[in-house]
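# my questions concern the predicted model and sequence given below.
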Amino acid sequence: MRVGLTYDLRDDYLALGFSREETAEFDRAETIDAIADTLAALGHEVQRIGPARALMARLVAGDRWDLVFNIAEGLRGIAREAQVPALLDAYEIPYTFSDPMILALTLHKGMTKRVMRDAGLPTPAFAEVAHLDDLAALDLSYPLFAKPLAEGTGKGIDGGSILRSPAELRARCAFLLERFAQPVLVEEYLPGREFTVGIVGTGARATAIGTFEVILGDKAEAEVYSYTNKEFCEDRVVYRLVRPDQDSQVAAAEAASLGLWRVLGCRDAGRIDLRCDAAGRPQLMELNPLAGMHPEHSDLPMIATAAGISFPELVARIVQSASERVLDVGGQEVNGRARGGAAQHGVAGGGA
């Protein structure tokens, strides 16, 4: 199979003058190499494409692929992760991971939490603050937690994210509004254990492959899984594989995660973050349907490895899940459009 690989390479953006924080969500060269080498070892012909602009140029030039392995995060806009999938949908080219609607929705943390709440899934009470005047109508119980509405990799989160008074909240919101030029998500703070659940598959075939408990070490910023803690996780964070058959909180976390994954229609693989409230009940915080894929640094491959799934097997499962979505029950692709279960959702080609 001819497989294209779309991505944003961190070194490229650093060379253009972007900061390390601005490029935190982009991929290292070794991640791209690992995926490309694994796909080749699985028997596929691999072509490295790069970011959205490179994909546009290749599409206009007439290039096509049987499947695109997409990990491109995008640079600008609140729907930046949806740009590459939208282009591929327009050209009816299948791709891995979720479609533009899911990627645009889940980067907007407030909209995602509205869906969680509407679906009856557990998530802490929250509000969006677009202007400091919005704080006057806030009806949440302290302590609170504030973070940018549409960032990943812990950007905008540090030791000052936990807020215990209106004065602290106002100062923090003013800082985040100025720093990130986007609304602030304010939630009731969750003081309990923190989990991240790895999921592989689509729909009824989706399974929780494993769950890490995130334990902050002595060198970490206290109480928060911050940008700095994530960036230097090897020295600051302990990831402990925990099992649902041995821990009721883990079982509840995995059940809630699979519920959210299926409600939204997420695909192929991803990761969901939860934290327990004061009563020990896991609460959904964020969904990452375009999870990092560094074999040794990113949470999803780390969870897979701890659960006995090698990196090549993880990549193979992701490709298999994507392939199953675009093939009909007889194993024949029909004009780039899926039939059967995928067709029931009215999605064509890579959007199945």
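Thanks, I have the structure now.

# pLDDT at the most centrally placed residue in the chain, what is it?
By C-alpha atoms, centre = their mean, the mean C-alpha position of the chain lies nearest to Asn288, the distance being 1.7 Å. Asn288 is assigned a predicted lDDT (pLDDT) of 95.

# tell me the contacts of it?
By C-beta atoms under 8 Å, 6 or more residues apart in numbering, Asn288 lies in contact with 106, 152, 270-273. For every residue, glycine as well, the C-beta is placed using N, CA and C.

# any chance you could map the strands in the stretch 51-200 of the chain?
Listed in chain order, the strands of the stretch 51-200 of the chain (DSSP state E, counting those that start in this stretch) span residues 67-70, 126-129, 144-148, 162-163, 184-188, 194-200.

# dump those strands to a markdown table, plus distance to Leu258 and mean neighbour count.
Formatted as a markdown table, those follow (distance: least, C-beta to C-beta, whole Å; neighbours: other C-beta atoms under 10 Å):
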| stretch | distance to Leu258 | mean neighbour count |
| --- | --- | --- |
| strand 67-70 | 23 | 26 |
| strand 126-129 | 22 | 19 |
| strand 144-148 | 25 | 23 |
| strand 162-163 | 29 | 20 |
| strand 184-188 | 22 | 23 |
| strand 194-200 | 7 | 26 |
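
# of these, which is nearest Ala137?
Closest approach to Ala137 among the strands of the stretch 51-200 of the chain is made by strand 126-129 (7.9 Å; C-beta to C-beta).

# could you list the low-pLDDT ranges of the protein?
Within the chain, the set of residues satisfying pLDDT under 70 comprises 231, 328-352.

# so what are the structural domains in it, by residue number?
Using automatic domain parsing, the domain parsing of the chain gives 1-95, 125-188, 194-315.

# can you give me the end-to-end span of the second one?
Distances were taken as C-alpha to C-alpha, to the nearest Å; on that basis the terminal residues of domain 125-188 are 6 Å apart.

# centre of the chain versus that domain, how much separation?
For domain 125-188, the separation from the chain centroid amounts to 21 Å (computed by C-alpha atoms, centre = their mean, to the nearest Å).

# ok, which stretches of the stretch 201-350 of the chain are strands?
Along the stretch 201-350 of the chain, counting by DSSP E, counting those that start in this stretch, strands occupy 207-216, 237-242, 269-276, 282-288.

# which of the ones you listed sits closest to Arg114?
Taking C-beta to C-beta, strand 282-288 is the member of those nearest to Arg114, at 12.1 Å.

# the nearest residue to Ser141 once chain neighbours are set aside: what's it in contact with?
Leaving aside its chain neighbours, Ser141 sits nearest to Glu188 (5.6 Å; criterion: C-beta to C-beta, 6 or more residues apart in numbering). Glu188 sits next to 124-126, 140-141, 143-145 when contact means C-beta under 8 Å, 6+ apart.

# list just the nearest of those residues to Met111.
Nearest to Met111 among these is Phe126, at 11.2 Å by C-beta to C-beta.

# beta partners for the closest residue to the closest one other than its chain neighbours?
Among residues not flanking Phe126 along the chain, Glu187 sits closest, at 4.4 Å (C-beta to C-beta, 6+ apart). Beta-bridge pairing for Glu187 (DSSP bridges): Phe126, Phe145.

# any idea how far Glu187 is from Val46?
Remark: distance between Glu187 and Val46 (C-beta to C-beta, to the nearest Å) = 41 Å.

# could you do Ile102 as well?
Distance of Ile102 to Val46, given as C-beta to C-beta: 25 Å.

# same thing with Ala307?
To Val46, Ala307 is 26 Å away according to C-beta to C-beta.

# who has more neighbours, the two?
A side-by-side neighbour count of Ala307 and Val46, using other C-beta atoms under 10 Å, places Val46 first with 19 against 16.

# the more buried one against Ala36, yeah?
Yes: under the contact definition of C-beta atoms under 8 Å, Val46 touches Ala36, with a separation of 4.9 Å.

# where do the contact lists of those two overlap?
Common contacts of Val46 and Ala36 (C-beta under 8 Å, 6+ apart): Leu5.

# may I have the beta-bridge partners of the residue nearest to the centre of the chain?
Asn288 forms beta bridges with Arg271, as assigned by DSSP bridges.

# use 345 as the first number from now on
Noted, 345 is the first residue going forward, which turns the last one into Asn632.

# who wins for neighbours among the contacts of Asn632?
With neighbours taken as other C-beta under 10 Å, the top of the contacts of Asn632 is Ile616, carrying 28 neighbours.

# apart from its neighbours in sequence, what residue is nearest it?
Of all residues not flanking Ile616 in the chain, Ser601 sits nearest, at 4.0 Å (C-beta to C-beta, 6+ apart).

# my guess is the one you found contacts Leu628. True?
Yes: contact between Ser601 and Leu628 holds when scored by C-beta under 8 Å: they sit 7.3 Å apart.

# what about these two, which has more around it?
More neighbours surround Ser601 than the other of Ser601 and Leu628, with 27 against 24 (other C-beta under 10 Å).

# residue contacts, that one?
Applying C-beta under 8 Å, 6+ apart, the residues near Ser601 are 541, 543, 552, 616, 618, 628.

# pick the one among the residues you listed closest to Asp589.
Asp589 lies nearest to Ala552 out of the contacts of Ser601, by C-beta to C-beta, at 11.9 Å.
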